[in-house]
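Undergrad: A structural model of the following input is requested.
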Amino acid sequence: MGVQIGLGTVAALLSVLVGIELAQLEVLRRTAQRSRSNRKRLRALLRAFSVHPDEGPAYDVDADALGGES
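TA: Next comes the predicted model:
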């Protein structure tokens with residue numbers, strides 16, 4: 001005895017999954033855009049203090065300490 005699922009149900013589920021994926025892609029796009037913007041702002045700030053962005057100190061940040069993933 002199997003469970004029968006109609007094509008409408010399958011189409012609705014696929015539609016929901018596609019919607020979720022599109023939302024996740026939009027979040028990733030905005031995050032990347034914000035990252036680029038922050039990088040530009042940081043470079044401008046370093047230049048304002050006469051620090052070449054590629055010659056400044058480098059720091060390793062522990063993402064776990066900031067509540068993120070490592």
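
Undergrad: Could you tell me the per-residue confidence at the residue nearest to the spatial centre of the chain?
TA: Against the mean C-alpha coordinate of the chain, by Cα atoms, centre = their mean, the closest residue is residue 28 at 3.5 Å. We have a pLDDT of 94 for residue 28.

Undergrad: what does residue 48 give?
TA: On the pLDDT scale, residue 48 gets 89.

Undergrad: likewise residue 52?
TA: 76.

Undergrad: Isn't it up against residue 46?
TA: Yes - using Cβ atoms under 8 Å, residue 52 is in contact with residue 46, at 7.3 Å. (C-beta placed from N, C-alpha, C; glycine too.)

Undergrad: quick one: which of these two has more around it?
TA: Using other Cβ atoms under 10 Å, the more surrounded residue of residue 52 and residue 46 is residue 46, with 15 against 9.

Undergrad: now the more buried one: how far from residue 25?
TA: 32 Å (Cβ to Cβ, to the nearest Å).

Undergrad: Also residue 13?
TA: Counting by Cβ to Cβ, the gap from residue 13 to residue 25 is 19 Å.

Undergrad: number of nearby residues for residue 51?
TA: By the criterion of other Cβ under 10 Å, residue 51 has 13 neighbours.

Undergrad: Look at it and tell me its secondary structure.
TA: coil (DSSP: H, G, I helix; E, B strand; the rest coil).

Undergrad: before we move on, what about residue 44?
TA: helix.

Undergrad: do residue 54 as well
TA: Strictly by three-state DSSP, residue 54 counts as coil.

Undergrad: now do residue 4
TA: Put simply, residue 4 is coil when judged by three-state DSSP.

Undergrad: can you count the residues close to it?
TA: The number of residues packed near residue 4 is 5, by other Cβ under 10 Å.
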